[in-house]
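J.: whatever this is, show me its structure:
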Amino acid sequence: MRFFSTILLILAQISFSACQDAQTKACAALLRLRLDQATILSAAHVSGPLNVSTPGSCQSQALVSASLCRVQLVINTTSTSAVHAEAWLPDIWYGRFLGLGNGGLAGCVDYTNLDYGTTLHFATIASDNGHDGSDGKELLNHPEVINDFAFRAIHVEAVIGKQLVEAYYGRRHNKSYYLGCSTGGRQGTQAALKFPDDFDGIVAGSPATNWNNLQGSATMLSRRVGAPDFNGNPKFIPATLWNTVATEVLKQCDELDGVLDGIITEPDACQFRPEAIECTAGQTSGCLTRTQVDVLHEIYQPLFGRDGELIFSRYDPGAEADGNSQAYFSGSFFSVPDGWYKFVVLNDTNYNFENFGLDTIAFGDKINPGGIATFSGDLSAFETRGGKFLTYHGRRDQLIPSGNSKRMYNLISETLAMPSLDTFYRLFLIPGMNHCAGGPGATAFGQGGLTSNVVNASSHNVLLAMVDWVEEGVAPDVIIGTGSTGQTRTHCRYPQRSVWNGSAFICMV
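T.: A predicted model of the protein is given here:
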């Protein structure tokens, strides 16, 4: 009996080795593949889990968890621009294609989600968005590189990626998906607007839509606290005092939802009164001056233009509690708007923002480099062809106020004359979540990276929920998130409200 068991084990090992050998050869054969405007730089089979070296300046190595064919390629978009990309093609493939986005001004391949996508058996592709590095310097005086960043990189990675999939597996993909957050969320929205046939299902988190005005609003927030000349400026609020502000915001607004838990469910209901911590006679620490009180009133209100038009949604009360809120309030300018205005809008690397104001914002939105604004409600072509769109936004987002996603939903609803977008577009607002992830709430729901997939089920994972919606016609009514201590919470789709019923939060119209 032991003899036959040994023989079966040997045969299994031989079969496995032969299978791996065939996959290695099939992967290497992609080097001979001829693609229009694209060149395969390398193609090698990787038996995961394994750390591999990575090109470019963003990182030096990446984890490959699954066994797969790793393809590195360059796509020439014009004579003066090119997109570098990687396609990870898993040995175990279920016929699904996944495109990935980027973040900030970055030209960084999203290796975290290449790994995540392939562990879920998606053939996954990511690109550098047309340039290398995270500061956007390569956008300076390069309009075609700006076009790659604004709209083209995701399109060409989808087109070429699908050709790679067909060449490697010998058949076309069944369904195509997209996953991204922040700039990646904007890219997913732009894909639905400009290239509605590229993806069947799009998951676009915390989207940086209304891009030009977002950068203007972010810059104005820094200006309000005295940037760039914050030293000795009476408007400046030091980091230690922001802790006092955050504590007072929670004191005034935490229990508005019926539960004292350190989370503001609906920041729009919070009318913060900073006067409560204004310094009294003889008080010199742990309190605000009258000037600082006035500054906070400006920060927690929407930004309006010279003619009273709404430019951008207000900063969410509660978001200041995250340390990364200092991106806007440190007295310096956050890297994204800083780079965008210097390298793209004004083409002036020495610009010091001393004269930055509403006119600068209006100018940036008027020229709209690369058509990057991504603030149109006309998703008619995407909706008509049966596309599905799932977006989410943290109510404690320290970089992109969540009111912007409400605004985008309402814009689409008005443009398409659809009071409810439930048939193809769903927005989930996530109490207690920071930018894209993290925070005191139930903030893990499969939105990106292996650690977000706490429960591998469509009820708890937005990417798997999108698969069910596209392939089975089962739309997600709610999404269940998991927090850092294992707590869970049901997240509601807009315009439903998250309401405490005495024992749990439920969704109500």
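J.: now for this structure, the helix or strand with the poorest mean pLDDT.
T.: Across the helices and strands of the chain, mean confidence by mean pLDDT, DSSP states H and E is lowest for helix 2-29: a mean of 65.
J.: got the contact list for the helix or strand following that one?
T.: Past helix 2-29, further along toward the C-terminus, the next helix or strand under DSSP states H and E is strand 38-46. Strand 38-46 is contacted by residues 20, 23-24, 27-31, 33, 52, 64, 67-76, 160 when judged by Cβ atoms under 8 Å, 6 or more residues apart in numbering. Quick note: C-beta positions are derived from backbone N, CA and C, even for glycine.
J.: list the helices and strands the helix or strand following strand 38-46 packs on?
T.: The first helix or strand that comes after strand 38-46 along the chain, using DSSP H and E, is strand 50-53. For strand 50-53, the contact count by 3 or more Cβ pairs under 8 Å, 6 or more residues apart in numbering; DSSP states H and E identifies strand 61-64 as packing neighbours.
J.: direction included, what does the strand it packs on pair up with?
T.: Strands that pair with strand 61-64, judged by DSSP bridges, come out as strand 50-53 (antiparallel).
J.: isn't Asp378 up against Lys194?
T.: No. Contact criterion Cβ atoms under 8 Å: Asp378 and Lys194 do not qualify, at 10.5 Å.
J.: of those two, who's got more company?
T.: Comparing Asp378 with Lys194 by other Cβ atoms under 10 Å, the one with more neighbours is Lys194, at 18 against 13.
J.: which ones are touching the more buried one?
T.: Lys194 makes contact with 151, 155, according to Cβ under 8 Å, 6+ apart.
J.: run the last query once more with 10 Å
T.: 150-152, 154-155, 371, 374, 376, 381-382 (Cβ atoms under 10 Å, 6 or more residues apart in numbering).
J.: may I ask which of those residues has the most neighbours?
T.: Across those, neighbour numbers were computed from other Cβ under 10 Å; Ile154 holds the maximum, 30 neighbours.
J.: can you name the element that comes right after the strand or helix carrying that one?
T.: With secondary structure defined by DSSP H and E, Ile154 is part of helix 153-169. Next in sequence after helix 153-169, counting helices and strands by DSSP H and E, comes strand 175-181.
J.: now for the residue nearest the centre of the chain: which residues touch it?
T.: With distances taken as Cα atoms, centre = their mean, Cys181 lies nearest the centre of the chain, 1.0 Å away. The contact partners of Cys181, by Cβ under 10 Å, 6+ apart, come to 101-103, 110, 113, 187-188, 203-208, 391-394, 400, 435-437, 447-448.
J.: what's the burial count for the residue nearest to it when sequence neighbours are not counted?
T.: Leaving aside its chain neighbours, Cys181 sits nearest to Gly205 (3.6 Å; criterion: Cβ to Cβ, 6 or more residues apart in numbering). For Gly205, the neighbour count with other Cβ under 10 Å is 29.
J.: in this structure Gly205 contacts Gln187, no?
T.: No. Under the criterion of Cβ atoms under 10 Å, Gly205 is not in contact with Gln187, lying 11.2 Å apart.
J.: ranges for the helices of the chain?
T.: Secondary structure of the chain (DSSP state H): helices at 2-29, 111-119, 143-147, 153-169, 183-194, 211-224, 239-253, 290-299, 326-329, 335-340, 358-367, 380-384, 403-416, 462-472.
J.: out of the contacts of Cys181, list just those in strands.
T.: If you go by DSSP state E, the contacts of Cys181 have 203-205, 391-394 in strands.
J.: and the two most separated of those residues?
T.: When the ones in strands among the contacts of Cys181 are compared pair by pair using Cβ to Cβ, the farthest-apart members prove to be Val203 and Gly394, with a separation of 14.7 Å.
J.: my read: Gln59 touches Asp128, true?
T.: No. Between Gln59 and Asp128 no contact is recorded; they are 11.7 Å apart, counting by Cβ under 10 Å.
J.: okay, those two: which has more neighbours?
T.: Comparing Gln59 with Asp128 by neighbour count (other Cβ under 10 Å), the higher total belongs to Asp128, at 28 against 13.
J.: for the closest residue to that one other than its chain neighbours, list the residues it contacts.
T.: On the basis of Cβ to Cβ, 6+ apart, the spatially nearest residue to Asp128 that is not a chain neighbour turns out to be Gly107, at 4.3 Å. For Gly107, the contacting residues are 56-58, 83-84, 127-139, 145, 148-149, 153, taking Cβ under 10 Å, 6+ apart as the criterion.
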